[in-house]
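Student: sequence first, then the predicted structure, then my questions.
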Amino acid sequence: MASSFSSQTSSEDTPRFMSILSGEWMDLPVDSRHGKCRSVSDFEKLSRVGEGTYGIVYRARDRRTNYIVALKKMRMEKEKNGIPISGLREINILLNLRHTNIVEMSEVVVGRSLESIFLVMEYCEQDLASLLDNMSAPFTEAQVKCIMIQLLKALRYLHENFILHRDLKVSNLLMTDKGCVKIADFGLARKYAFPEQPMTPRVVTLWYRAPELLLGSKTQTTALDMWSAGCIFGELLAHKPLLPGRSEIHQLEMTIELFGTPSEAIWPGFNDLPGMKDITLKKQPYNNVRHTFPWLTDAGIRLLNYLFMYDPEKRASAEDALDSSYFKEQPYPCEPEFMPSFPHHRLKTQRRDKKEHDFGRKIRSC
Ligand SMILES: Nc1ncnc2c1ncn2[C@@H]1O[C@H](COP(=O)(O)OP(=O)(O)O)[C@@H](O)[C@H]1O
Ligand SMILES: [Mg+2]
C-alpha cells in the first residue's frame with residue numbers, strides 16, 4: 001500500500017497525498033497509486049455474503065490462483081481524511097495475527113477509485129449468526145463444546161498478545177466446512193497497554209456488553225471479551241440470544257434478572273462506577289442460571305457463572321475457561337472435522353445483522 005493514507009486535491013484536480021512517515025503533502029504518479037497492492041479487478045466477485053455496519057463482504061475468486069476468498073470492502077463514506085481509524089486498526093491487527101482460530105487476512109487490494117479498499121481474507125462458509133438462524137435443531141452439547149474450545153483458544157492467543165477484540169458476537173464468528181471456528185471483524189479491536197489507558201465505554205454490541213461497560217467504566221480489560229464469550233456460550237446452549245436488551249438500561253435489567261444485583265461486597269469499586277450515579281438498580285437477590293439451564297451439568301453451570309462474574313478481576317480468563325471440567329466430562333467435545341456440514345444459507349438470505357445493529361449500537365472511535 002502507498003505510504004500515504006490521507007488525500008487532498010490540488011488546484012489542478014490532481015490528488016495529493018500526505019506521507020504517514022513525514023506528514024508532508026506530495027504528488028503521487030498515477031502508476032504508483034496502488035503502491036504494491038494488487039487491483040480488485042484481479043478478483044471475480046461471486047456473491048455478497050455479508051453486510052455489517054462497516055463493510056460489505058463478498059465471496060470472490062482470485063483470477064490468478066483460482067482460490068475462493070472473502071473480500072471485505074471498507075466503508076469510507078463518512079471519511080474526509082483517508083482511511084477510517086477502524087479500518088487501519090483492523091488491517092494492522094489482522095496482519096500481525098496468525099492463529100488457526102482467527103480469520104487470516106492475506107493482503108489489501110484497491111479499486112479504481114482511491115477510496116475503495118478491500119481486505120482479502122480466507123473464505124469461511126458459515127457465520128454462526130446465520131447458521132443459528134437457519135438451524136432447525138440446536139447444536140448438540142458436544143458441538144457447543146467444540147465451538148467454545150476453539151473460541152477460547154483464539155481468545156487466549158489474542159489476550160496473550162494484548163489484543164482486545166471488543167465486538168465478540170455470533171455474527172463475528174465464522175466456521176469453515178471443516179468445522180474450524182474463526183474470530184473475524186477486528187474493526188473495534190485494540191491493543192492495550194499498561195498502565196491502562198482510558199477507552200470509550202460504548203464498544204461491544206449491546207447484547208454481548210459486559211456490565212462494567214454498561215456502567216461506564218473507562219478501563220477495559222480482557223474480561224470484557226470473556227463476558228461476550230459467556231453470552232455466546234449461553235446463546236449456543238439455549239439456541240437464542242441470552243440477554244437481548246432493547247436499550248442500555250434494559251440490558252442491565254436483563255443481566256440483573258439472570259445473575260442477581262451486584263454489590264460492593266462481590267465487586268469492589270462497583271459503587272464508584274460512573275453509571276451508578278444516575279440509576280438505582282432493582283434488588284434481585286437470586287442467581288437464575290440453574291433455572292435457565294435446568295438440564296446442564298454442575299460443571300456447565302460453574303463455567304457459565306465463572307464467565308459471568310460481575311467483578312472483571314474475578315471473571316474467568318480464556319485459560320481458566322479452557323481448564324474447566326465441563327470440557328473434560330461427557331458428552332465429550334466433538335473434533336472439528338466431525339462437525340456436520342451445514343447448507344450455505346448466506347448465499348441465499350441476508351438477515352439478523354440488521355436487527356442486532358438496531359439495538360446493538362456501537363461507536364468506532366478511541
Ligand atoms: N472471511 C470471511 N468469510 C466469509 N464470510 C465473511 C468473512 N468475513 C466476514 N464475513 C461475513 O460478512 C459479515 C460482515 O463482516 P464483518 O467483518 O463482521 O464486518 P462488519 O464490521 O461490517 O460487521 C460477517 O458477519 C460474515 O457473515
Ligand atoms: Mg461484524
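Tutor: Alright, I've got the coordinates. Ligands and ions are numbered 1, 2, ... in the order given.
Student: drop to CA atoms for contacts and neighbour counts, all remaining ones
Tutor: Noted.
Student: how about Val170, phi and psi?
Tutor: Val170 has phi and psi values of phi -60, psi -30 when expressed as degrees, to the nearest 10.
Student: point me to the residue of the stretch 151-300 of the chain nearest ligand 1.
Tutor: Asp185 (3.7 Å; C-alpha to the nearest ligand atom).
Student: now do the same for that residue: helix, strand or coil?
Tutor: For Asp185, the assignment made with DSSP: H, G, I helix; E, B strand; the rest coil gives coil.
Student: what sits against the nearest residue to it once chain neighbours are set aside?
Tutor: Spatial nearest neighbour of Asp185, excluding adjacent residues (C-alpha to C-alpha, 6 or more residues apart in numbering): Asn172 at 5.9 Å. Residues in contact with Asn172 (C-alpha atoms under 8 Å, 6 or more residues apart in numbering) are 127-128, 183-185.
Student: now those in CSV, with neighbour count and pLDDT?
Tutor: Formatted as CSV, the contacts of Asn172 follow (neighbours: other C-alpha atoms under 10 Å; pLDDT from 0 to 100):
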residue, neighbour count, pLDDT
Asp127, 24, 95
Leu128, 19, 97
Ile183, 25, 98
Ala184, 23, 97
Asp185, 23, 94
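Student: widest-spaced pair of these?
Tutor: Spatially, the most separated pair among these is Leu128 and Asp185, at 13.2 Å (C-alpha to C-alpha).
Student: returning to that earlier point: surely the residue of the stretch 151-300 of the chain closest to ligand 1 meets Arg89?
Tutor: No: with contact defined as C-alpha atoms under 8 Å, Asp185 does not count as touching Arg89 (10.7 Å).
Student: just to revisit the earlier point, and the contacts of Asn172, which is closest to Leu119?
Tutor: Using C-alpha to C-alpha, the contacts of Asn172 come closest to Leu119 at Asp185, 11.0 Å.
Student: next one: phi and psi at that closest one?
Tutor: phi 60, psi 80.
Student: ok, it - contacts?
Tutor: By C-alpha under 8 Å, 6+ apart, the residues touching Asp185 are 90, 167, 172.
Student: reformat the residues you listed as JSON lines; add distance to Met148.
Tutor: Converted to JSON lines, the contacts of Asp185 look like this (distance: C-alpha to C-alpha, whole Å):
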{"residue": "Glu90", "distance to Met148": "23"}
{"residue": "Asp167", "distance to Met148": "16"}
{"residue": "Asn172", "distance to Met148": "14"}
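Student: okay, and which of the residues you listed map to helices?
Tutor: Using DSSP state H, the subset of the contacts of Asp185 located in helices is Glu90.
Student: from the contacts of Asp185, which are also near ligand 1?
Tutor: Of the residues in the contacts of Asp185, proximity to ligand 1 by C-alpha under 6 Å from any ligand atom holds for Asn172.
Student: quick one: least confident of the contacts of Asp185?
Tutor: Among the contacts of Asp185, Glu90 carries the weakest pLDDT, at 91.
Student: would you mind measuring from it to Gly245?
Tutor: Using C-alpha to C-alpha, to the nearest Å, Glu90 is found at 27 Å from Gly245.
Student: beta partners of the residue nearest to Ile68 when sequence neighbours are not counted?
Tutor: Nearest residue to Ile68, sequence neighbours excluded (C-alpha to C-alpha, 6+ apart): Arg61, at 4.5 Å. Taking DSSP bridges, one obtains Glu44, Ile68 as the residues bridged to Arg61.
Student: please name the residues that touch Asp298.
Tutor: Applying C-alpha under 8 Å, 6+ apart, we find Asp298 in contact with no residue.
Student: for it, phi and psi?
Tutor: Backbone torsions of Asp298, given as degrees, to the nearest 10, read phi -60, psi -40.
Student: what segments of this structure are strands?
Tutor: 4-9, 15-19, 25-27, 43-51, 55-62, 68-74, 105-110, 117-122, 126-127, 163-164, 173-175, 181-183, 190-191 (DSSP state E).
Student: and those strands: which comes nearest Tyr310?
Tutor: Tyr310 sits nearest to strand 163-164 of all the strands of the chain, at 18.5 Å, using C-alpha to C-alpha.
Student: partner strands of the closest one, parallel or antiparallel?
Tutor: strand 190-191 (antiparallel).
Student: can you tell me what sits against the strand it pairs with?
Tutor: 89, 93, 162-166.
Student: enumerate every residue touching the closest residue to Asp62 other than its chain neighbours.
Tutor: Leaving aside its sequence neighbours, Asp62 sits nearest to Phe43 (C-alpha to C-alpha, 6+ apart; 4.6 Å). Shown in contact with Phe43 (C-alpha under 8 Å, 6+ apart): 60-63.
Student: what's the neighbour count on the residue nearest to Ser171 when sequence neighbours are not counted?
Tutor: Counting by C-alpha to C-alpha, 6+ apart, Ser171 lies nearest to Ala129, which is 4.6 Å off, once chain neighbours are set aside. Ala129: 18 surrounding residues under other C-alpha atoms under 10 Å.
Student: Thr221 versus Ala129, what's the distance?
Tutor: Ala129 sits 25 Å away from Thr221, going by C-alpha to C-alpha.
Student: what of Leu152?
Tutor: From Leu152 over to Thr221 the distance is 16 Å, taken as C-alpha to C-alpha.
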